[in-house]
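Engineer: After the sequence you'll find the predicted model.
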Amino acid sequence: MLVAIAESAHAYWGHASDDGFGLEISEQLRRAPDAPKLSPRGLPMLEMPWHIRSPAIPRHLGWLNYWSPAAAQAIGFPDPARDAELLSRSQRTPSGGWVVQLTEAPLDLDNPAHIDALLRAYERFPAIGGRASP
């Protein structure tokens, strides 16, 4: 369903995550230049949407991530040498984009393994959230 909606809307990126995920993202948003470097859960702080240099760059990660061809290119996905784990849970879309599942089960932010998966993905894709260039 994520692919159907994203591709019919010509979206650059999107995600599907459980209820309550938006609150977690709101705690990751950098609202001031002197904001902490990490959220309360230790996830990286993300720039406000208007500070992200291109609409093709995803604002954040979710459990299931839709990345259009432009978004995938903007963040440097896939790199077969670096993305083997993610590619094992990824599918190409009809338009040439990707659906990337970060964990086998839906993200549980109380599960340290899921926080680790998010941290690894944010580390791998520093452009996500406007944190750095790819």
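Structural biologist: That came through fine.
Engineer: Which positions within the longest helix seen in the chain qualify as buried?
Structural biologist: Selection of the longest helix in the chain by residue count, based on DSSP state H, yields helix 112-124. Residues of helix 112-124 classed as buried: 114-115, 117-118, 121-122, 124 (neighbour count, 16 or more other CB atoms under 10 Å). In short, each C-beta sits where N, CA and C put it, glycine included.
Engineer: Name the nearest of these relative to residue 130.
Structural biologist: Residue 130 lies nearest to residue 122 out of the buried residues of helix 112-124, by CB to CB, at 11.9 Å.
Engineer: show me what contacts that closest one?
Structural biologist: 43-44, 61, 128-129, 131 (CB atoms under 8 Å, 6 or more residues apart in numbering).
Engineer: and of the residues you listed, the nearest to residue 52?
Structural biologist: For those, the nearest to residue 52 is residue 129 (7.3 Å; CB to CB).
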